[in-house]
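Chemist: When you get a sec, could you give me coordinates for this:
(chains A and B)
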Amino acid sequence: MKTDPAESAIRFRQVSYRVENGDGILRELNLEVHRGETLVLLGRSGSGKTTTLKLINRLLAPSGGEIFVDGRPVEEWDVIRLRRMIGYVIQEVGLFPHFTVERNIALVPRIEEWPAARTQARVQELLQLVGLDPQFAKRYPCELSGGQRQRVGVARALAADPSFLLMDEPFGALDPLTRAELQQEFLNLQNRLRKTVVFVTHDLREALLLGTRIALMEAGRLVTIQTKHEFLGSDDPLVVAYRKAFDTNFDAQGGRG
Amino acid sequence: MNVWQFISQNHAEVLDLTLEHVWLVGVSTLLAVLIGIPLGILITRWPALNKPILGSANVIQTIPSLALFGFLLPAPWIGARADRLAILALTLYALLPLIRNTYAGIKGVDPAVVEAGRGMGLTDQQLLLQVELPLALGVIIAGIRVATVISVGLATIAAAIGAGGLGEYIFRGLAMVNNSVILAGAIPAAAMALLADVGLGWLERRLSPR
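Modeler: Numbering: from 1, shown residues only, chains lettered A, B, ... in the order given. Below is the predicted model of the structure:
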């Protein structure tokens, strides 16, 4: 009945999301995420970015339409399995305050009952991957800075080597320098790992820096989905407005990044 | 004869009544923990049950203790022995702080932590046992602490229905108009309440998450 949805890693078909007795938050959203790309969902607060993200790992269920992950409708997946193959990183990080960094990172491997030695090795590997000294393993989240916490958040999401990564404004609460550092490390990481990433932000610079393609959302609709080159040259009024809001001379720089 | 002379002359009886008191408070608090914590968890999962359950526990709290002992008297099996009756009444009183604190403790867990846990694929049970309950533990123990301290005081009234405990001295002293006898019941009860408060307070701080 479907025309090979397996091509795309994630696919939205006519998806809507409504809250009870409220307006539609998402309306007839059609979206495809290619394997190995970083798709940025860009838009202002309330445009439906986060809702879109949570529909993918079924933290929310759509009111209409279909969502496919790996070619399979999400409601056909065992929801726990689905979530364990999708890393999830949020702005507030949400580290477990009563666990050490090590146990935070090892959460999914532990519940998946990996052998202790393998889990241990994986934690060390991940700490290195996100640029944290091995000595951080024994610390508690309250002993870390905001940037370090989010590094642990990313490591935790990557622990069981998921092929997907959902990131909801992961660097939004960080100071500019730390944010720039983490963005750079995200790029390095993504160069090596090639996960299928859906990245939510309202920051155009971040979108242009990190995204393979940018999906601009407004009031629950997808306005346009373009590569960053196209985005910089687009004359869509909303895209133009966005570029203006971030004033700078993106237009002059053209093919930055 | 002052209170200390009275206590030293009757130390065996004081000890007996104190142990009876500890028994009444201990068993009823334990029962309340076993019933109250699951109920508290239940109403975080089924919000529709929130009002009826918390409401009932609230109403029980408002019944004067002597009246509650009286109400329970005709109950079969329970009413047959005074200590059963007292334990049941004390359990009912202890429920409210336990249900309420369990509920508040779980609801008070940082939503980002819960969202992250869910998003990573924790089952509801894993989320409860590994994340929510450990993080709510401090608040739950605070509930046990409140329940225990209240219970130590309330248990003195159990003597009115013949359930024993340190209330025996208080009622006897009242009847004899003898302050020393009243104090022989009141002082150990107060000490017990303080001890429970300090001990559980220490546990609460120890087990509260960072």
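
Chemist: how about the residues of chain B that lie near chain A?
Modeler: B:110, B:112-123, B:126, B:130-131, B:134-135, B:209-210 (C-beta under 8 Å from any C-beta of the partner chain). Backbone N, C-alpha and C define where each C-beta goes, glycine included.

Chemist: Now the buried members of these.
Modeler: Buried residues within the residues of chain B next to chain A, counting neighbours by 16 or more other C-beta atoms under 10 Å in any protein chain shown: B:110, B:113-122, B:126, B:130-131, B:134-135.

Chemist: From these, which land in strands?
Modeler: Of those, none are assigned to strands by DSSP state E.

Chemist: three-state assignment of the residue in the stretch 1-150 of chain A that chain B sits nearest to?
Modeler: Closest approach between the stretch 1-150 of chain A and chain B, counting by C-beta to the nearest C-beta: A:Gly94, at 3.0 Å. For A:Gly94, the assignment made with DSSP: H, G, I helix; E, B strand; the rest coil gives coil.

Chemist: Please name the residues that touch it.
Modeler: A:Gly94 sits next to A:153, B:110, B:112-117 when contact means C-beta atoms under 8 Å, 6 or more residues apart in numbering or on different chains.

Chemist: Sort out for me which of those residues are in helices.
Modeler: A:153, B:112-117 (DSSP state H).

Chemist: what's the first-to-last distance across stretch A:61-73?
Modeler: Terminal residues of stretch A:61-73 lie 12 Å apart, using C-alpha to C-alpha, to the nearest Å.

Chemist: can you give me how far it is from the chain middle?
Modeler: 18 Å (C-alpha atoms, centre = their mean, to the nearest Å).

Chemist: what's the average pLDDT for that stretch?
Modeler: Averaged across stretch A:61-73, the pLDDT comes to 93.

Chemist: List the contacts of it.
Modeler: A:2, A:4-18, A:24, A:26, A:28-29, A:55-56, A:74-75, A:77, A:82, A:86, A:164.

Chemist: Keep only these that also lie close to chain B.
Modeler: A:82, A:86.

Chemist: mind listing what B:Thr102 touches?
Modeler: B:36-37, B:39-41, B:136, B:139-140, B:143.

Chemist: nope, A:Arg221 is what I meant
Modeler: Residues near A:Arg221 by C-beta under 8 Å, 6+ apart: A:26-29, A:48.

Chemist: Which single one of the buried ones among the residues of chain B next to chain A is nearest to A:Thr212?
Modeler: Proximity of those to A:Thr212 (C-beta to C-beta) peaks at B:Gly119, which lies at 22.9 Å.

Chemist: contacting residues around residue 148?
Modeler: The chain I'm using is chain A. Counted by C-beta under 8 Å, 6+ apart, A:Gln148 has contacts A:132, A:136.

Chemist: look at chain B instead
Modeler: B:25, B:29, B:94, B:196-197, B:200.

Chemist: Would you mind pulling up the elements that the lengthiest helix in chain B packs against?
Modeler: Longest helix in chain B by number of residues (criterion: DSSP H): helix B:11-45. For helix B:11-45, the packing partners by 3 or more C-beta pairs under 8 Å, 6 or more residues apart in numbering or on different chains; DSSP states H and E come out as helix B:50-62, helix B:82-107, helix B:133-154, helix B:167-176, helix B:179-207.

Chemist: angle of that helix against helix B:179-207?
Modeler: 40 degrees (axes from the mean of the first three to the mean of the last three C-alpha atoms, to 10 degrees).

Chemist: as a whole number, average confidence for helix B:11-45?
Modeler: 96.

Chemist: Same check on stretch A:149-169?
Modeler: 95.

Chemist: Buried residues in it, which are they?
Modeler: For stretch A:149-169, the neighbour count (16+ other C-beta under 10 Å) marks A:149-160, A:162-169 as buried.

Chemist: who wins for neighbours among the contacts of A:Arg221?
Modeler: A:Leu26 (26 neighbours; other C-beta atoms under 10 Å in any protein chain shown).

Chemist: I'd say it and A:Lys54 touch.
Modeler: No. With contact defined as C-beta atoms under 8 Å, A:Leu26 does not count as touching A:Lys54 (10.6 Å).

Chemist: how much space between the residue lying closest to B:Ala116 once chain neighbours are set aside and A:Gly153?
Modeler: In this structure, B:Ala116 finds its nearest non-sequential neighbour in A:Gly94, 3.0 Å apart by C-beta to C-beta, 6 or more residues apart in numbering or on different chains. Per C-beta to C-beta, to the nearest Å, A:Gly94 is found 7 Å from A:Gly153.
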